[in-house]
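Chemist: 3D, please:
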Amino acid sequence: MRNVSELKDFPFLNSTNCYIEIQKNGTVINIPHKNKSDHRFIQESYVRVKNEDSKLYVVYPGKWSADLFIVDDMNAFAVAFGFECVDNHNFPSFQWNISDYDKREGRSVWVDIIFACGFELSRNNINAFADFVHKQLGWAVSTSKGISGGKDMITGKSRQTITVRRSTILAIEGEFVAN
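Modeler: This is a model prediction of the structure:
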């Protein structure tokens with residue numbers, strides 16, 4: 001088995017590739033990628049891998065044999081399929097607003113987050129996200145109160161609610177644009 005990062009320009013979009021995702025619980029998923037309608041499967045797999053819930057492999061067929069690669073460069077993978085990527089120290093662009101369910105009182109505020117590429121917060125990455133938004137936006141995010149969420153009714157994207165110290169939020173809504 002080889003790493004995709006070993007090749008300068010791995011052919012992620014090759015129609016004869018076979019993408020295989022193996023989740024932590026042992027579930028094996030074949031990820032379709034040939035049609036535009038498959039784009040959501042690619043993004044969902046990307047999010048699970050970035051959340052460290054699974055590993056992604058690709059079988060790249062050669063002329064006489066096939067090679068198995070682990071997809072170890074998720075940023076190159078995301079760029080190849082045309083969606084925004086996240087590295088290990090940054091998060092994708094996101095929109096945020098004070099939740100409609102926030103009571104507008106107390107020391108904490110509920111903030112709804114919608115990531116640009118379907119990325120989701122989990123217990124595996126909430127501490128890194130809290131550090132990131134503290135450095136970028138000055139927010140003090142509670143990592144012990146959990147994350148709730150669902151689908152945004154307008155965009156259909158994953159919307160998650162986090163708890164932030166009210167005194168660190170300077171507006172009622174905004175957008176963070178990743179570099």
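Chemist: Run through the strands of the protein in chain order.
Modeler: 2-3, 18-23, 28-31, 54-61, 66-70, 94-98, 108-115, 148-151, 158-165, 173-176 (DSSP state E).
Chemist: Quick one: list the elements packing against the last one.
Modeler: It stands for strand 173-176. Counting contacts by 3 or more CB pairs under 8 Å, 6 or more residues apart in numbering; DSSP states H and E, strand 173-176 packs against strand 94-98, helix 126-137. From N, CA and C alone the C-beta is placed, and that goes for glycine too.
Chemist: now do 10 Å
Modeler: strand 94-98, strand 108-115, helix 126-137 (3 or more CB pairs under 10 Å, 6 or more residues apart in numbering; DSSP states H and E).
Chemist: Would you mind listing the buried residues in it?
Modeler: Residues Phe176 are the ones in strand 173-176 that count as buried (16 or more other CB atoms under 10 Å).
Chemist: and that strand, which strands flank it?
Modeler: Here strand 173-176 is paired, per DSSP bridges, with strand 94-98 (antiparallel).
Chemist: what's the spacing between the residue located most distally from the centre of the chain and Glu52?
Modeler: No residue in the chain sits farther from the centre than Trp64, which is 35.8 Å out by CA atoms, centre = their mean. The gap separating Trp64 from Glu52 is 35 Å, by CB to CB, to the nearest Å.
Chemist: Can you give me the neighbour number for the closest residue to Ile98 other than its chain neighbours?
Modeler: Leaving aside its sequence neighbours, Ile98 sits nearest to Ile172 (CB to CB, 6 or more residues apart in numbering; 4.8 Å). Neighbourhood size, Ile172 [other CB atoms under 10 Å]: 12.
Chemist: ok, now Gly62?
Modeler: 8.
Chemist: From the centroid of this protein, which residue is nearest?
Modeler: Phe119 (2.5 Å).
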